[in-house]
Structures are given as C-alpha cells and as structure tokens.
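*Asks:* pasting a predicted model and its sequence here:
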Amino acid sequence: MKFTDLQLIEPILKALTDEGYETPTPIQQQAIPIVLNKIDLLGCAQTGTGKTAAFAIPMLQNLYKTKSNEKGFKKIKALVLTPTRELAIQIDESFKAYGRYTGITSTVIFGGVGQKPQTDALRRGIDILIATPGRLLDLMNQGFVDLRSLEVFVLDEADRMLDMGFVNDVKKVIAKLPFKRQTLFFSATMPPEITKLANTILYKPEKVEVTPASSTAETIKQAVYFVDKNNKRNLLVDILNDKTIKSALVFTRTKHVADKISKELAKAGIKSAAIHGNKSQNARQKALSDFKDNTIRALVATDIAARGIDIDDLTHVINYDLPNVPESYVHRIGRTGRAGAKGIALSFCDFEEKAYLKDIQKVINISIPVIDDHDYPMQDFEIKPKEQPRGRSPRSDQQPRGNRPKSNNSQAKPSNGSAKRYAQR
C-alpha cells in the first residue's frame, strides 16, 4: 500500500513526498481511514511505528476540508495533549511538515519557558494546539485558551501521561472540552487501567493494535547484569569505556540519580548529560541536540523526559534502574532497534529489583540472557534494613524499606556471554 491509496488530498500528498514518505506503516494504514471518517480511535503501537503521522495526517485533511467555510479569527479546532516538552515540539514539527501546503496553523505550549511567545501565537489564532498538561491548564485559567470550538482531541502517550501523575490534569482538561468531539487515544502500551479510562471518554471507538503491547522488537538484543546497587555506577563506566558504543540512552528511576550518574560519567571522562523535568527547556534541548550530533555519547534520562526522544541511530539503551512497570521496559528499549535497525538493550538488576525482572520477563515472554562475565557480580542477597547501626550512615542511594519490592530468590540461568560481546552491534 502507498499513501496515494489512502484517499489523501493533493496538498498533503505533496508534503509527504517532500518528506520522502511513500509507504505508510501498519498503524498508519489502519488508523488514517478511521480518523478520516471522524470515528473515535484507541490506537496501540510500539514506539517508532509512526503514531504521530497516523493521527496528524487525517486530522489535517479533515480540518482543510472545513476551513474554506470559515472567515475571520481562527479558533482552536484540535488539541493534542502529550506528557513532555520534547514530544510536544516534535508533534508540532510534524503537523507543520505534513500541513505545509494546507494553510492549517499550529502552535505548541509547554512549561519551563516564558509564556509570552506562546500567548502571542494564541492571540493570532491557530487551528491546532499541541500542549503539555500543566502549561495548558495555566493558560486556560488565565483566559488565553478557549476550547469551545474544539472538534478533535488527541491524548498521546496515554500510558505515560497517566502513569507519571498527570491523571488529574488530564481529567481537568477533558472536563472543559465540548461533549461532541472526536477523541483519539494513542499509546505505546495498553494496560487495563488505560483501557478503562479510555472507555469513559471514547464514544464507540475502533481499536487498532499493530503489535501486542507486551512485545519487544526482534532486532533488539537484550541482556541483564546482576549487580549490587552500589556497584551500578562502576559497571556503567566500564561498559561505556568501550568505544564501540556510539550512543547510549541510560534510564534511571529518579531525577536525582540521573544527575548523579551524569556527574560520575563526566569524572570518568565520558561525555554525557542528564535530561529530566527539573531541567530548563533550554538545557533539555541542548542536551538532546548534543546527543543527536554525537557531541555527547550518553544521555541519562527519566521515563517521562525520554518521551519524544527520537534518535535515528541510537545503538544502546541501558536500564540503570529496572522499571517497576513491565510495560515501561518495552517502551524504554524501543528507543533503539527502530525502522529495522539493530539495537542493544542492557539492564542492571540488583537483588531488590529481581521481582521487577521476573515481572518483565513474564510480560514479554522472554528469558533475558544474563551476562555474568563482568567485574562487579552481585554479592548482596538480602534486603538491607532501614535502620543502620549507631555511628554509621545509610548509603545515599538506599531506598526506604517501605518502597522496596518484595524480594525474589529466583534468578535467570546465567549465560556464557561477555559484556564486550553485547557492546558490539
């Protein structure tokens, strides 16, 4: 199938040709006709499969067909809500690229920067608004955003939007939307709680699920290291000292740990940067730009900040901390091995995280190979008590006992592979 087979108008086909697009991805093949028919949609596909184009292209066409009937000041007809600034910027760039010959206008709003350029754009009038929840609610409360003429609402990356604490903000936004509208849900994973929420705000939706939410791409080679928590940084430095690793996206569970790791890598002579919600917009964009142009080799990120990071030739993903939600693992490692390219996903697992590993392997239905040939094998096989003996301070990276997962004594069978073998493409 070609894009020309999807009954798209000439201005959009011309823009797609400019972008070098010829063949739609599976999610695009299935979603575009549904959205063109103005039906609600629940879309589930792994990252890197083209979800943005799957909703942006038909939305632009529908708006283009109705815009000739309107005169005067433009009112917001479509809203795309997304969890991160980086992803919001990329979505806006996509709308501008696909709609360059349609006359449809868009703008993006997010926190961390001054609001005046954003409010100026809103005053001039736009057709499509791409926003993060916090800044959107702020500008709505100030009277800069009027959604009464809205026709289409898109909740992108729905799983992370809700999982990372945006649920109340999302509900506040939805409460302000017109009852009669088209609603589109797109998500890399679709756990039951997301499906339940979708059912409350979607009207007779059609579901498009290109690949099971629990699957990982076959082009990604996965491996796990069993290592004590206090040796993770040493192991990471050892791995990144291998110059064959061209780029590595390192995931941590918290912003604090991301900053610590970036500083430790700098001390070891490994150029890196941390990216998370506490960083300014300029700092985040500079870190991402430096990573894309290979000025730095490692980008250390939290889950929420990593949404929207799109690196064509990312060779490695390293889970410094295992996620406690198995679907997050699928999304993390999906940043590499995209568009048929090969990728490598390495995970560090301390004793307290073995329960997480077991859950992940159950969900992806794969026994992840173990690399036991490294200098920091696991020695601690118990959960440390919260209270320390008098005169001793707890380790700075030790978690409170109440926040720890239950221990799991099962361990995957070690493999005979070495770290170096997995550090090469």
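*Replies:* Ah, there it is.

*Asks:* in stretch 346-365, what counts as buried?
*Replies:* Going by neighbour count (16 or more other Cβ atoms under 10 Å), the buried part of stretch 346-365 is 346-361, 363-364. (Glycine included, C-beta is placed from N, CA and C.)

*Asks:* again, but for stretch 112-131
*Replies:* Per 16+ other Cβ under 10 Å, stretch 112-131 contains these buried residues: 112, 115, 118-119, 121-122, 126-131.

*Asks:* same check, this time on stretch 179-191
*Replies:* Under the neighbour-count criterion of 16+ other Cβ under 10 Å, stretch 179-191 has 181-191 buried.

*Asks:* sketch out the low-pLDDT regions of the stretch 251-400 of the chain for me.
*Replies:* 277, 281, 304-310, 339-340, 382-400 (pLDDT under 70).

*Asks:* check the stretch 101-250 of the chain too.
*Replies:* Residue ranges of the stretch 101-250 of the chain with pLDDT under 70: 163-164, 211-215.

*Asks:* hmm, try it at 80
*Replies:* The stretch 101-250 of the chain contains residues with pLDDT under 80 at 160-165, 187-195, 197, 210-217.

*Asks:* spatially nearest residue to residue 356, not counting backbone neighbours?
*Replies:* In space, and not counting its chain neighbours, residue 356 is closest to residue 322: 4.4 Å by Cβ to Cβ, 6 or more residues apart in numbering.

*Asks:* quick one: that neighbour is in a helix?
*Replies:* No: Residue 322 is assigned coil when assessed by DSSP: H, G, I helix; E, B strand; the rest coil, not a helix.

*Asks:* going forward can the numbers begin at 540, since that is how I track them
*Replies:* In the new numbering, first residue 540, that becomes residue 861.

*Asks:* in helices only, show me the buried residues of stretch 885-904.
*Replies:* Counted as lying in helices by DSSP state H, out of those, are 893-900, 902-903.

*Asks:* between those residues, which sits nearest residue 740?
*Replies:* Ranked by distance to residue 740 (Cβ to Cβ), these are led by residue 902 at 26.0 Å.

*Asks:* surely the closest one is in contact with residue 862?
*Replies:* No: if you go by Cβ atoms under 8 Å, residue 902 and residue 862 don't touch, sitting 11.1 Å apart.

*Asks:* so residue 598 makes contact with residue 574?
*Replies:* Yes: using Cβ under 8 Å, residue 598 is in contact with residue 574, at 6.5 Å.

*Asks:* so for these two, which sits in the more crowded spot?
*Replies:* For residue 598 versus residue 574, neighbours defined as other Cβ atoms under 10 Å are more numerous around residue 598 (27 against 24).

*Asks:* can you say which helix or strand has that one in it?
*Replies:* Per DSSP states H and E, residue 598 falls inside helix 590-606.

*Asks:* neighbours of the closest residue to residue 672 other than its chain neighbours, how many?
*Replies:* Leaving out its chain neighbours, the residue that sits closest to residue 672 by Cβ to Cβ, 6+ apart is residue 708, at 3.7 Å. A total of 17 residues lie near residue 708 under the criterion other Cβ under 10 Å.

*Asks:* need the phi and psi values for residue 708.
*Replies:* phi -60, psi -40 (degrees, to the nearest 10).

*Asks:* residue 694 now?
*Replies:* According to degrees, to the nearest 10, residue 694 has phi -110, psi 110.

*Asks:* tell me how far it lies from residue 872.
*Replies:* Counting by Cβ to Cβ, to the nearest Å, the gap from residue 694 to residue 872 is 24 Å.

*Asks:* mind listing the helices for the stretch 840-964 of the chain?
*Replies:* 842-845, 865-872, 893-903, 958-961 (DSSP state H, counting those that start in this stretch).

*Asks:* could I get those as TSV with distance to residue 851?
*Replies:* Conversion of those to TSV gives the following (distance: least, Cβ to Cβ, whole Å):
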stretch	distance to residue 851
helix 842-845	16
helix 865-872	16
helix 893-903	24
helix 958-961	21
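
*Asks:* coming back round to it: among the buried residues of stretch 718-730, which one lies nearest to residue 713?
*Replies:* Of the buried residues of stretch 718-730, the one sitting nearest to residue 713 (Cβ to Cβ) turns out to be residue 722, at 8.8 Å.
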